[in-house]
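[1] attaching a predicted model along with its sequence, questions to come.
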There are 2 protein chains.
Amino acid sequence: MDVADLSPAQARARFRGGERVPTAGWCRGWTQANLIAVPSRLRYELLLFAHRNPQACPVLDVGEPGSWSTGLFAGDLRTDLPAYRIYRDGEAVADVGDVVGEWRADLVPFLIGCSFTFERALLAAGVPVRHLELGTNVPMYVTNVPCEPTGSLSGPLVVSMRPVPEELVATAVEVSGRYPLVHGAPVHVGDPAGIGIGDLGRPDYGEAVEVYAGEVPLFWACGVTPQAAIMASGVEYAIGHLPGHMAIMDARDDDYRVI
Amino acid sequence: MDVADLSPAQARARFRGGERVPTAGWCRGWTQANLIAVPSRLRYELLLFAHRNPQACPVLDVGEPGSWSTGLFAGDLRTDLPAYRIYRDGEAVADVGDVVGEWRADLVPFLIGCSFTFERALLAAGVPVRHLELGTNVPMYVTNVPCEPTGSLSGPLVVSMRPVPEELVATAVEVSGRYPLVHGAPVHVGDPAGIGIGDLGRPDYGEAVEVYAGEVPLFWACGVTPQAAIMASGVEYAIGHLPGHMAIMDARDDDYRVI
């Protein structure tokens, strides 16, 4: 069975069974989300940080302290993503396949929108998506654009990149712009140096893709941004997903489309 | 000078000087907002409640604990609104002209969008606004529609009502829908009983207006909803504005327009 045809529950069962792969292209039509779980004492700061940086951190759902499922995610957040990244004192200390033993009782899970949500709409509009063609993870970069801080959280904007043929740039902007709750239109079009990216060939997360002649790199705000803030702010403990290895939600892409 | 032509700073100075009037029609083109200040221990619950009920509780700005100004409100939140309502243990205990003595050090102020923001756009589209014609406060009603609760906050949706000629209902919906961050399109069109309103002539807040023959009552989610939640949830202490007596912000109506 093509992974695009799996239901969220079927995909989650495979990840729970140990499959560790990026989720780009999985479960066509179902929304994917970024996970960031923080100690309860930071839940207000993180929710406010998300509110102040809505394009990078659109909150789709928030769980109760210590819980591992939410209204929009009926699975087990500790096992049902393909891979996780654990942070201590602002450093990524481990990438693991489940976090059952690490899910402290005071962790509050946040599910943050993901640009994979509008990729099907891009394809439908005739915009090619390189990493889907290649079956790889989307390339992501830490920029030099600072997020709006809160009292204790600050950090740089993270972006995902998709190369788009020049004649389709406007289409890609318009189509993704119809999904403001999952990052919306690009935050930057063109020269990577303009947002502090030195080398497209060396992404901070995911895998590099080639930008062909006649193509322009488009950069979208990315839901890995909270993880960058966890690192920049030296947060004592947090659990995120491994970038590109998303939570597959019980919500439809179309739920986040406007207009 | 017509109050519509005042700047936010000028209007705030008049309120600070003791003028106690509804702000509908004041400071044309400048955004107005609802105030709700809650004890710091409730700030996460309120921000999450707002996130879960975005049409009624669009958060425009949040202040630091104990502060009385924010990035979008350069005045003094304790004195620069025309009137305030103080809550203790879920009951409205006083309506006052300032809250300098009541502004506890742990209060966190939230500024919530207000439907006055799109009234100029309604007028520009040829939709009459009855309470502006009359120079009165907009009528507001507590409905039987429950908000999405959080752990400790729950309560009914509050709505504002404007009667609109039948042939302009679609226009009013479309125009207000372009302002999703200040309540957007109506939540209900037509029979007040459908959302539990027994008598349009007896609003819970503001002043009644007549619905003429050939007009339909349109109901918009209202930023007084957090105050209804404070009451329904028995919160120990909170300060809101007197409904209709808004915070006039240093932000433009057009800042909240999309499309």
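    Perfect, I can see it now. Residues are numbered from 1 along each chain as shown, chains lettered A, B, ... in the order given.
[2] any residues touching stretch A:90-108, and which ones?
    With CB atoms under 8 Å, 6 or more residues apart in numbering or on different chains as the test, stretch A:90-108 has contacts from A:16, A:18, A:20, A:37-43, A:46, A:62-66, A:68, A:77-79, A:82-87, A:230-235, A:237, A:239, A:242. From N, CA and C alone the C-beta is placed, and that goes for glycine too.
[3] how about stretch A:188-200?
    A:139, A:141, A:143-145, A:157, A:159, A:161, A:169, A:173, A:187, A:208, A:211, A:216-219.
[4] so which of these are in strands?
    A:141, A:143, A:144, A:145, A:157, A:159, A:161, A:216, A:217, A:218, A:219 (DSSP state E).
[5] so which of those residues wins on neighbours?
    Greatest neighbour count in the ones in strands among the contacts of stretch A:188-200, by other CB atoms under 10 Å in any protein chain shown, goes to residue A:159: 30 neighbours.
[6] was I right about that residue contacting residue A:139?
    No. Taking CB atoms under 8 Å as the definition, residue A:159 is not a contact partner of residue A:139, at 9.3 Å.
[7] which parts of the stretch 51-200 of chain A sit against chain B?
    Residues of the stretch 51-200 of chain A lying close to chain B (CB under 8 Å from any CB of the partner chain) are A:51, A:59, A:62, A:64, A:151.
[8] how many other residues sit next to the fourth one?
    Looking back up the chat, that one is residue A:64. Counted with other CB under 10 Å, residues neighbouring residue A:64 total 13.
[9] got it, and the last one?
    In terms of burial, residue A:151 registers 11 neighbours under the definition other CB under 10 Å.
[10] just the strands in chain A please.
    A:30-39, A:59-62, A:84-88, A:91-96, A:107-113, A:140-146, A:156-165, A:188-189, A:215-221, A:237-241, A:247-252.
[11] of all those, which one is nearest residue B:12?
    Closest approach to residue B:12 among the strands of chain A (CB to CB): strand A:140-146, 30.8 Å.
[12] just the CA atoms of that closest one, as PDB, please.
    C-alpha atoms of strand A:140-146 as PDB (Å, rounded to 0.1, in the frame of the first residue of the first chain):
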ATOM      1  CA  MET A 140      15.100  23.300   6.700                       C
ATOM      2  CA  TYR A 141      17.300  26.200   7.700                       C
ATOM      3  CA  VAL A 142      17.900  28.300  10.800                       C
ATOM      4  CA  THR A 143      17.700  32.000   9.700                       C
ATOM      5  CA  ASN A 144      19.100  35.200  11.100                       C
ATOM      6  CA  VAL A 145      15.600  36.500  11.500                       C
ATOM      7  CA  PRO A 146      14.800  36.800  15.300                       C
END
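[13] relative to strand A:215-221, how tilted is that strand?
    70 degrees (axes from the mean of the first three to the mean of the last three CA atoms, to 10 degrees).
[14] pull the residues that contact strand A:140-146.
    By CB under 8 Å, 6+ apart, the residues outside strand A:140-146 that reach it are A:154-161, A:187, A:192, A:195-197, A:200, A:203-206, A:219, A:222, A:224, A:228, A:243-244.
[15] could you identify the buried members of these?
    A:155-161, A:187, A:192, A:195, A:197, A:200, A:203-206, A:219, A:222, A:224, A:228, A:243-244 (16 or more other CB atoms under 10 Å in any protein chain shown).
[16] tell me the pLDDT of the residue of chain A found nearest chain B.
    The nearest approach of chain A to chain B comes at residue A:44, 3.9 Å away (CB to the nearest CB). The model reports residue A:44 with a pLDDT of 97.
[17] do residue A:180 as well
    pLDDT, read off for residue A:180, is 87.
[18] likewise the one 4 residues further on?
    According to the per-residue confidence, residue A:184 scores 94 in pLDDT.
[19] count of neighbours near the closest residue to it other than its chain neighbours?
    Among residues not flanking residue A:184 along the chain, residue A:177 sits closest, at 5.4 Å (CB to CB, 6 or more residues apart in numbering or on different chains). Per other CB under 10 Å, the neighbour tally for residue A:177 reads 15.
[20] show me which pair in the residues of the stretch 51-200 of chain A next to chain B is furthest apart.
    Longest span within those, CB to CB: A:64 and A:151, 23.3 Å.
[21] return the residues in contact with residue A:29.
    Residue A:29 sits in contact with A:120, A:252, A:253, A:254, where contact means CB under 8 Å, 6+ apart.
[22] those residues in helices, which ones?
    Counting by DSSP state H, the contacts of residue A:29 place residue A:120 in helices.
[23] of the contacts of residue A:29, which pair is most distant in space?
    Spatial extent of these (CB to CB) is set by the pair A:120 and A:252 at 10.5 Å.
[24] who's more crowded, the two?
    Set side by side, residue A:120 and residue A:252 show more neighbours around residue A:120, with 18 against 12, by other CB under 10 Å.
[25] can you pull the contacts of that one?
    By CB under 8 Å, 6+ apart, the contact list for residue A:120 reads A:28, A:29, A:253.
[26] as a markdown table, those with distance to residue A:10 and pLDDT would be great.
    Listed next are those as a markdown table, based on distance: CB to CB, whole Å; pLDDT from 0 to 100:
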| residue | distance to residue A:10 | pLDDT |
| --- | --- | --- |
| A:28 | 12 | 93 |
| A:29 | 13 | 92 |
| A:253 | 17 | 88 |
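[27] now residue A:148: how far from residue A:225?
    For residue A:148, the distance to residue A:225 equals 11 Å [CB to CB, to the nearest Å].
[28] likewise residue A:233?
    For residue A:233 relative to residue A:225 (CB to CB), the value is 12 Å.
[29] what do these two both touch?
    residue A:155.
[30] coming back round to it: including mean pLDDT and distance to residue B:111, could the strands of chain A go into JSON lines?
    Output for the strands of chain A, formatted as JSON lines (pLDDT from 0 to 100; distance: least, CB to CB, whole Å):
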{"stretch": "strand A:30-39", "mean pLDDT": "97", "distance to residue B:111": "25"}
{"stretch": "strand A:59-62", "mean pLDDT": "96", "distance to residue B:111": "19"}
{"stretch": "strand A:84-88", "mean pLDDT": "98", "distance to residue B:111": "33"}
{"stretch": "strand A:91-96", "mean pLDDT": "97", "distance to residue B:111": "37"}
{"stretch": "strand A:107-113", "mean pLDDT": "97", "distance to residue B:111": "23"}
{"stretch": "strand A:140-146", "mean pLDDT": "98", "distance to residue B:111": "23"}
{"stretch": "strand A:156-165", "mean pLDDT": "98", "distance to residue B:111": "25"}
{"stretch": "strand A:188-189", "mean pLDDT": "97", "distance to residue B:111": "30"}
{"stretch": "strand A:215-221", "mean pLDDT": "97", "distance to residue B:111": "24"}
{"stretch": "strand A:237-241", "mean pLDDT": "98", "distance to residue B:111": "29"}
{"stretch": "strand A:247-252", "mean pLDDT": "95", "distance to residue B:111": "29"}
